[in-house]
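A.B. asks: 3D, please:
(3 chains)
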Amino acid sequence: MGRVLISRRRDPDRLLPADPTLRSVARELYALTANLPILSPHGHVPAALLLHDEPFANATELFLTHDHYVTRLLHADGVGLAELGLGERAADPREVWRLLAERWHLFAGTATGYWIDEELSGLFGVEEPLCAETADSVYDAVAAALAEPAFRPRALFGRFGIEVLATTDDPLDDLANHAALATSGLPGRVIPTFRPDAYLNAASPGFAEAAGKLLAATGQPATFAGYLRGLEERRRHFIEHGATSADHGVVRPVTVALEPGEAERLFRAALSGAADARERDTLAAHLLWQMARMSVEDGLVMTIHAGVFRNHNSHTHERFGPDTGHDIPLPTSWVEGLRPLLESFGLEPGFQLGLFTVDESTFSRELAPLAGFYPSVYVGAPWWFLDAPHAIDRFRSAVTETAGFYRTTGFIDDTRAFASIPARHDMSRRTDAAFLARLVVEGRVHADDARRIAVDLVDAQPRRVFKL
Amino acid sequence: MGRVLISRRRDPDRLLPADPTLRSVARELYALTANLPILSPHGHVPAALLLHDEPFANATELFLTHDHYVTRLLHADGVGLAELGLGERAADPREVWRLLAERWHLFAGTATGYWIDEELSGLFGVEEPLCAETADSVYDAVAAALAEPAFRPRALFGRFGIEVLATTDDPLDDLANHAALATSGLPGRVIPTFRPDAYLNAASPGFAEAAGKLLAATGQPATFAGYLRGLEERRRHFIEHGATSADHGVVRPVTVALEPGEAERLFRAALSGAADARERDTLAAHLLWQMARMSVEDGLVMTIHAGVFRNHNSHTHERFGPDTGHDIPLPTSWVEGLRPLLESFGLEPGFQLGLFTVDESTFSRELAPLAGFYPSVYVGAPWWFLDAPHAIDRFRSAVTETAGFYRTTGFIDDTRAFASIPARHDMSRRTDAAFLARLVVEGRVHADDARRIAVDLVDAQPRRVFKL
Amino acid sequence: MGRVLISRRRDPDRLLPADPTLRSVARELYALTANLPILSPHGHVPAALLLHDEPFANATELFLTHDHYVTRLLHADGVGLAELGLGERAADPREVWRLLAERWHLFAGTATGYWIDEELSGLFGVEEPLCAETADSVYDAVAAALAEPAFRPRALFGRFGIEVLATTDDPLDDLANHAALATSGLPGRVIPTFRPDAYLNAASPGFAEAAGKLLAATGQPATFAGYLRGLEERRRHFIEHGATSADHGVVRPVTVALEPGEAERLFRAALSGAADARERDTLAAHLLWQMARMSVEDGLVMTIHAGVFRNHNSHTHERFGPDTGHDIPLPTSWVEGLRPLLESFGLEPGFQLGLFTVDESTFSRELAPLAGFYPSVYVGAPWWFLDAPHAIDRFRSAVTETAGFYRTTGFIDDTRAFASIPARHDMSRRTDAAFLARLVVEGRVHADDARRIAVDLVDAQPRRVFKL
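C.D. replies: Next comes the predicted model:
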């Protein structure tokens, strides 16, 4: 499978270290992975995009509107989200694009800035830097390309060399789109991911309603045992449609084992609205524990993304909805909260648990030591705010000396922005090559081992960790 | 405005990266900012120093006595603070200087060591390294220079190329020194900063007395409404004297919105001594919220310096007073405590809030994400213990990929040590040039953009963030 | 004293920076320390090993069985601890060695991988990389060497150039092995370290039994005063056998000063089982404070290793015992918990307190500021999970700008793996040389000062901090 060509404008050695010795080793390591297929075991591209294969509307739709990495920094510069076309009123996409172009210097050095530069150059062949003066010509160049069949989602899927793309889906999703995609001739797999947050977070006001829906959809009685059977049934449905993992977003990674009677009592109290805050937290922590129990039984890889305060600004949340840029990380600790789960399942053969953090202080302090002992635990690749070259270097530096390379999950792009997928994976491959080069030149890793590791990190390792 | 010349002894490429490619790019970027005027929007130089223009007494007075960065490390080596001339008994300044000189190796690699080396070399032309043998000759060379008119504070102000220097002042200060300075012919502005900690920290034993003084000084009744009017009046006084910002030092950055009746109740209880610890904390948190409300109304930029345990050693505190080197940072988190303030004012046009931390783990985890969404929030430059080349590099690395360069405040020197100001700003300019050079050479930022950013960080950005 | 020769296979510049200018400065600095004697002021080698001088059994015994850095990562890869010969059933050592050899790529980039490579190459002259194919030949080469007198522990002690080796011992140990070693002709000192955790941790279920044993052994009455006298007596016993330090492992570094009556009450309640959890924690915190008081009086250096959740996995703990790889660091803070101790003793002349952390976020936030003020406090060298090149670089970067080099303890190897001692110290010397080289080349430290510091860090500094 070929990968999209890189335009001449971009430095072919970008992200590689400046020192000539390091750079030449890094270049050689990068060359081994640059054209390998993309395995994307966690992300947020909708299956419908690839099924319906509608052309992308324009540069604004493609790069800006749906990417809260972009809208947040424009918002921070004083551009209202409504001006960007979020919320109820539409905005002229060309005008919105100009708002971005004239502020493009704000993105210098950011992850988003890098990705969009990569896409404009590598995908659309745009050679001129984005700025107020070039806003319209870039917009037009992108529009012209998007009108071509080669820029439809399915064509891009092929050009990108995607072998596996995981979506993220509600447990009650019928996965009809995935079923249709499976026989649609796409040159790669699109698999669902079971994401049951709404059905686990008993502390949320919407829990009783969500739980009721799940019970109804699965024809289960309103008991905890019935609820677990309902969740198990939906997991089976996902597995039948190709899912290999279940993902869990929690504010704090807390788990608890409960006696069945106590779980039943808490569940009924939560459904009836009689549970107090502490009881609801306990039920949520137990449901997370139950997810691990189910993973042991049905084989779905379990991933946990923890430590984010969602919807920090309620005004923006009310007017523009979630995922509009004001989710903020919190101090996180895994060691005590995950212990009940790991006591019960941490040594179970076949159980695999990827832990993703946005609190960097946990990389060396907790995640590498946990993954360096429990056969089930893998340190998740740098996620969200940390999904960028310097942060990845800090991650490898913090994790490797304790846990090596083979206790990490491999890169996930975690993106809604379909067109950014190759740029993100390429960034990761370059950054890992740079890190490995330093170990080689400083005499810590043999060149042969570094070559094997570079390839494994984008191939064998994600296949094994995510059971692809 | 010319800047002080750098002596031949110092490496002209100091603080720039070793790699020749990186170094040449960094050198070019640094050259663009090396001679730009100094904007110092936050610091602790007394206005009287520049008004009275007394000569500095000697090297000890200039470099050591008033600088707790220096006294702390000498104290750690076993030199009593009394021996250094702190406290009641005077000490022979030449003897004190010798204590420093013979311990100068203790300062190798520290921020303080760098600044003093810079000053001795760049300002006083001292070519020999400081050590026991050179103690006296260096002391004498500094003394000879200080006797010259060119080394008086006002002359140095001009040679340093200071365009704006902000002091830090008590709300009840009449600011007569600032008024006198404004018409004194100084080639730059000296502006006050409103620093109301003593009048906000209701948890402190001195609060009732401080609040009483403010009420009396402003002729307000002893009600919460009266107190707020009194604070507003003093802020106006500061604004009339050129202030553009109000600074707040808190142990934990916690804010709370209160109903007026509840605030009134807590305020009266605090004045009468009837408030318990929790009520006093709540009142303090509400007063911080009120400061933001006032900033929205009167336009003063709000800065918060949080997370320091003050006066950790009570024996030293009792004998030698505060600011003698035993303030120690604490784990800090901003996300939940600042939320009430940001819910109320975070999206207000014109509101600007700079957040300064000494807990590095908050840079990538909290501050960059907050500043990357809220138009009001800026990540404060590395402060205090973090105000040094390696720490600044870690700061840029942690912040830039999420928030870029334009969501940071620009450098503040935060110093009492007037003569160190150029060395500190120069250090920051060199370190930022080094960071930008890496982004250029690794293909992440165009050279043109890097040049713009380097200049903006010392010019447009602090002007905008601090409304200079 | 000569040090073991480095084999040709290893890059002589390993761990030094890639940049030629940096590398040449680092190489020069490293050359100054490469052959200096080893001072090992904290570690876990049993005195009996050097007294009885039995040959090491085989490569598995030497490198794997007793090193939880090795067993943990094999366990994480799915190899059961029983397969490795831990627990009750013996395993064929050659088979166990093969398990390691075929998984050797898992250790690439880890601290353990580096040390074992160093030992195989530098000590045993093994030129071929370890892997499934070479497992047997490497095993045989090690076996052949171990059969030689030159590879007995005492011979290695001499070849390693160890001048001082501190063991870690129970307060009730009679130290007969140490006494015998003192007159055994070993070309260096083996000194005990007083490690009273079991007798201080009143929160542990075994406390009453341990305290009873200590009271009985020292013939003291079951009062708190008697208990303190008993502890003091055992410390004297250690001092008479050469001990210079007392080491303390605690989960959270909390101290408290108590009135004698209250301490007495808590102690009796703890002995009788009547104390609740809070009382037992308070007693433990007070006993830690008492250890500082005793150190002030008897001169033993106090070290605290804090912040590790021990025996995270209870199944493994029950079956294979402690120290089998599932100790996991926790978020740690020192500032408030240590304050009572530092208020009482922090300024006492001669008191020396080394603080060791596995929570890196405390290096710049707390430990450097504490050590930069209190004459008693030293920042402990990077410990356990942080005892590796990248982590040491982060440690120096985080600590030096605030506290310089002379407020750090110097390297400790903290190892049970006797044969790894030279590799560990050599790693530290190389890494510090690399860090210093950057300061020299960036114009921050004079080359002369760097040379002095490099040597002091492995010689004068540990001698002074540990009173060797």
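A.B. asks: all contacts plus neighbour counts: C-alpha atoms, from now on.
C.D. replies: Fine.
A.B. asks: count of residues packed around the closest residue to A:Leu186 other than its chain neighbours?
C.D. replies: Spatial nearest neighbour of A:Leu186, chain neighbours left out: A:Arg154 (7.0 Å); criterion: CA to CA, 6 or more residues apart in numbering or on different chains. Look at A:Arg154: counted by other CA atoms under 10 Å in any protein chain shown, it has 21 neighbours.
A.B. asks: so which elements touch the strand or helix carrying A:Arg154?
C.D. replies: Element membership for A:Arg154 (DSSP states H and E) is helix A:153-160. Helix A:153-160 sits against helix A:47-52, with contacts defined as 3 or more CA pairs under 8 Å, 6 or more residues apart in numbering or on different chains; DSSP states H and E.
A.B. asks: A:Val358 is in contact with A:Ile304, correct?
C.D. replies: No: using CA atoms under 8 Å, A:Ile304 is not in contact with A:Val358; the gap is 11.7 Å.
A.B. asks: when the two are compared, which one has more neighbours?
C.D. replies: Applying other CA under 10 Å to A:Ile304 and A:Val358 shows that A:Val358 carries more neighbours, namely 25 against 18.
A.B. asks: the more buried one and B:Trp104: what is the separation?
C.D. replies: Using CA to CA, to the nearest Å, A:Val358 is found at 41 Å from B:Trp104.
A.B. asks: just A:Pro205 next, same as before
C.D. replies: In terms of CA to CA, A:Pro205 sits 62 Å off from B:Trp104.
A.B. asks: can you check A:Leu341 too?
C.D. replies: Applying CA to CA to A:Leu341 and B:Trp104 gives a distance of 54 Å.
A.B. asks: just A:Arg280 next, same as before
C.D. replies: From A:Arg280 to B:Trp104 the distance is 60 Å (CA to CA).
A.B. asks: tell me which of the two has more neighbours.
C.D. replies: Using other CA under 10 Å as the criterion, A:Arg280 and B:Trp104 rank with A:Arg280 on top: 22 against 18.
A.B. asks: residues contacting that one?
C.D. replies: A:Ala202, A:Ala203, A:Leu266, A:Ala270 (CA atoms under 8 Å, 6 or more residues apart in numbering or on different chains).
A.B. asks: do that again at 6 Å, thanks
C.D. replies: Residues in contact with A:Arg280, defined by CA atoms under 6 Å, 6 or more residues apart in numbering or on different chains, are A:Ala202, A:Ala203.
A.B. asks: hey, where'd the strands end up in the stretch 251-400 of chain A?
C.D. replies: Assigned by DSSP state E, counting those that start in this stretch, the stretch 251-400 of chain A shows strands spanning A:301-306, A:308-309, A:328-329, A:353-356, A:377-379.
A.B. asks: who does the third one pair up with?
C.D. replies: Listed by DSSP bridges, the sheet partners of strand A:328-329 and their directions read strand A:308-309 (antiparallel).
A.B. asks: same question, the first one
C.D. replies: Strands flanking strand A:301-306 in the sheet, each with its direction: strand A:245-250 (parallel), strand A:353-356 (parallel) (DSSP bridges).
A.B. asks: next one: the residue lying closest to A:Gly85 once chain neighbours are set aside from chain B, what distance?
C.D. replies: Once flanking residues are discounted, A:Gly85 sits nearest to A:Ala91: 4.6 Å by CA to CA, 6+ apart. Taking CA to the nearest CA, to the nearest Å as the measure, A:Ala91 falls 21 Å from chain B.
A.B. asks: do I have it right that A:Ala91 meets A:Ala82?
C.D. replies: No: counting by CA atoms under 6 Å, A:Ala91 does not reach A:Ala82; the two are 7.8 Å apart.
A.B. asks: please, where are all the helices along the stretch 351-468 of chain A?
C.D. replies: For the stretch 351-468 of chain A, helices defined by DSSP state H, counting those that start in this stretch occupy the ranges A:361-362, A:368-371, A:389-403, A:421-441, A:447-458, A:460-465.
A.B. asks: list the contacts of the second one.
C.D. replies: Yep, that's helix A:368-371 we're talking about. Helix A:368-371 is contacted by residues A:Val377, A:Tyr378, A:Val399, A:Thr402, A:Ala403, A:Arg407, C:Ile328 when judged by CA under 6 Å, 6+ apart.
A.B. asks: please apply the same query to the last one.
C.D. replies: Residues outside helix A:460-465 that contact it (CA under 6 Å, 6+ apart): A:Thr409, A:Gly410.
A.B. asks: buried residues of that helix, list them for me.
C.D. replies: Applying a neighbour-count criterion of 16 or more other CA atoms under 10 Å in any protein chain shown, one finds A:Gln461, A:Pro462, A:Arg463, A:Val465 buried in helix A:460-465.
A.B. asks: any chance of these in CSV, plus pLDDT?
C.D. replies: Below are the buried residues of helix A:460-465 laid out as CSV (pLDDT from 0 to 100):
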residue, pLDDT
A:Gln461, 98
A:Pro462, 98
A:Arg463, 98
A:Val465, 98
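A.B. asks: that older thread, just the CA coordinates for the helix holding A:Arg154, please, in CSV.
C.D. replies: What follows is helix A:153-160, C-alpha atoms only, in CSV (Å, rounded to 0.1, in the frame of the first residue of the first chain):
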residue,chain,number,x,y,z
PRO,A,153,-12.9,9.8,1.7
ARG,A,154,-12.6,6.3,0.3
ALA,A,155,-10.0,7.3,-2.2
LEU,A,156,-8.0,9.0,0.5
PHE,A,157,-8.4,5.9,2.7
GLY,A,158,-6.6,4.0,0.0
ARG,A,159,-3.9,6.6,-0.6
PHE,A,160,-3.3,7.0,3.1
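A.B. asks: just the angle between that helix and helix A:421-441, please?
C.D. replies: Put simply, helix A:153-160 runs at 20 degrees to helix A:421-441, going by axes from the mean of the first three to the mean of the last three CA atoms, to 10 degrees.
A.B. asks: thinking again about what came up before, got a pLDDT number for the residue nearest to A:Leu186?
C.D. replies: Note on A:Arg154: pLDDT of 98.
A.B. asks: gap between it and chain B?
C.D. replies: According to CA to the nearest CA, A:Arg154 stands 29 Å off from chain B.
A.B. asks: per-residue pLDDT of A:Thr415, please?
C.D. replies: 94.
A.B. asks: ok, it to B:Pro369 distance?
C.D. replies: A:Thr415 is 18 Å from B:Pro369, where distance means CA to CA.
A.B. asks: more neighbours: those two, which one.
C.D. replies: When neighbours are counted by other CA under 10 Å, B:Pro369 comes out ahead of the other of A:Thr415 and B:Pro369, with 26 against 18.
A.B. asks: grab the nearest non-local neighbour of A:Pro340.
C.D. replies: Per CA to CA, 6+ apart, closest to A:Pro340 is A:Val256, 5.5 Å.
A.B. asks: looks like the one you found contacts A:Leu342 (just checking).
C.D. replies: No: counting by CA under 6 Å, A:Val256 stays clear of A:Leu342, with 10.2 Å between them.
A.B. asks: got a list of what the closest residue to chain C within the stretch 201-350 of chain A touches?
C.D. replies: For the stretch 201-350 of chain A and chain C, the shortest gap (CA to the nearest CA) falls at A:Glu343, measuring 6.0 Å. Shown in contact with A:Glu343 (CA under 6 Å, 6+ apart): no residues.
A.B. asks: just checking, A:Tyr374 touches C:Leu74?
C.D. replies: No: if you go by CA under 6 Å, A:Tyr374 and C:Leu74 don't touch, sitting 9.9 Å apart.
A.B. asks: any regions of the stretch 1-150 of chain A where pLDDT drops low?
C.D. replies: A:1-9 (pLDDT under 70).
A.B. asks: so the nearest residue to A:Arg310 once chain neighbours are set aside versus B:Thr415, what's the distance?
C.D. replies: Nearest residue to A:Arg310 in three dimensions, chain neighbours excluded: A:Asp327, at 4.4 Å (CA to CA, 6+ apart). In this view, A:Asp327 and B:Thr415 are 35 Å apart by CA to CA.
A.B. asks: on that earlier part again, which two in the contacts of helix A:368-371 are spaced the farthest apart?
C.D. replies: Spatially, the most separated pair among the contacts of helix A:368-371 is A:Arg407 and C:Ile328, at 15.7 Å (CA to CA).
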